[in-house]
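Participant: Fold the following and give me the result.
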Amino acid sequence: MIFYPEERIAVFVDGANLYGTAKALGFDIDYRRLLALFAAKGRLLRAFYYTALLEDQEYSPLRPLVDWLDYNGFTVVTKPAKEFIDQAGPRRLKSNMDVEVAVDMLEIVDRVDHIVLLSGDGDFRRLVESVQRRGVRVSVVSSIKTQPPMVSDELRRQADNFVDLADLQHSIARAVPASPPAG
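Facilitator: Numbers count the residues shown, from 1 in each chain. This is a model prediction of the structure:
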């Protein structure tokens, strides 16, 4: 990753995409370590985390994470997930945070030098191109080391830097508690 100490940085986390990529690589993200990693690279101005939540559920497994992120340095952006029945019959959830990411990124672009996008979603290629035309460098973090790759080829090519999430694992993985000795 190429960063400069005086750079003003904003981080954009596509929550569902990052979760899927980390799971495919076999580890969990420690968001405190993730934030510290990018804070050490320059002047971290803002870190955004995007996810959809089920409204009608009394308890969502995402709620503790969202609350923790909100209290620990992330600007959390949520919206209700849409539920529908697909043609085959099973219940499906649909959540797309692309517009929210795009609006926030375009609003902050004049106050940053470098944007880090943690997503492999090819729909962001034009957004990245637009941000770059405004003079801001964009690094994309996802993975080509999964089967299939979690990053679209178009997004990877558009980025100024591509960082494979697998290469950051040692810096951002949540520590696995040691199991007690058998016996």
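Participant: now residue 4, nearest residue through space, not along the chain?
Facilitator: Closest residue to residue 4 apart from its sequence neighbours, by CB to CB, 6 or more residues apart in numbering: residue 42 at 6.4 Å. Any C-beta I mention is one placed from the backbone N, CA and C, and that applies to glycine too.
Participant: Buried ones in the strand or helix carrying residue 37, by neighbour count?
Facilitator: Secondary structure assigned from DSSP states H and E places residue 37 in helix 31-39. Buried positions in helix 31-39, judged by neighbour count with 16 or more other CB atoms under 10 Å: 31, 34, 35, 37, 38.
Participant: What distance do you get for the residue nearest to residue 4 to residue 69?
Facilitator: 21 Å (CB to CB, to the nearest Å).
Participant: In terms of neighbours, single out the busier of these two.
Facilitator: When neighbours are counted by other CB atoms under 10 Å, residue 69 comes out ahead of the other of residue 42 and residue 69, with 22 against 17.
Participant: Who are the contact partners of that one?
Facilitator: Taking CB atoms under 8 Å, 6 or more residues apart in numbering as the contact definition, residue 69 lies against 31, 49, 76.
Participant: swap the cut-off to 10 Å and go again
Facilitator: The neighbourhood of residue 69, defined by CB atoms under 10 Å, 6 or more residues apart in numbering, consists of 13, 15, 31, 32, 35, 47, 48, 49, 51, 62, 75, 76.
Participant: Make sure the first one is indeed in a helix.
Facilitator: The one in question is residue 13. No. Counting by DSSP: H, G, I helix; E, B strand; the rest coil, one finds residue 13 to be strand, located in no helix.
Participant: Begin at 14, not 1, for the rest of this chat.
Facilitator: Okay, residue one is now 14; in that scheme the one you just asked about reads as residue 26.
Participant: okay but it is in contact with residue 128, surely?
Facilitator: No. Residue 26 is not in contact with residue 128 according to CB atoms under 10 Å; the separation is 11.7 Å.
Participant: what about the two, which has more around it?
Facilitator: Residue environment comparison for residue 26 versus residue 128 gives the larger neighbour count to residue 26, 27 against 24, counting by other CB under 10 Å.
Participant: Report how many residues lie close to residue 43.
Facilitator: Neighbours around residue 43, by other CB under 10 Å: 15.
Participant: Need the per-residue pLDDT for it.
Facilitator: The pLDDT attached to residue 43 in the predicted structure is 97.
Participant: show me where pLDDT drops low in this structure?
Facilitator: 69-72, 97, 99, 102, 104-107, 190-196 (pLDDT under 70).
Participant: contacting residues around the helix holding residue 50?
Facilitator: By CB under 10 Å, 6+ apart, the residues outside helix 44-52 that reach it are 14, 16, 22-24, 26, 31, 43, 57, 60, 62, 78, 81-82, 85-87, 127, 129, 131, 152, 154, 181, 183-188.
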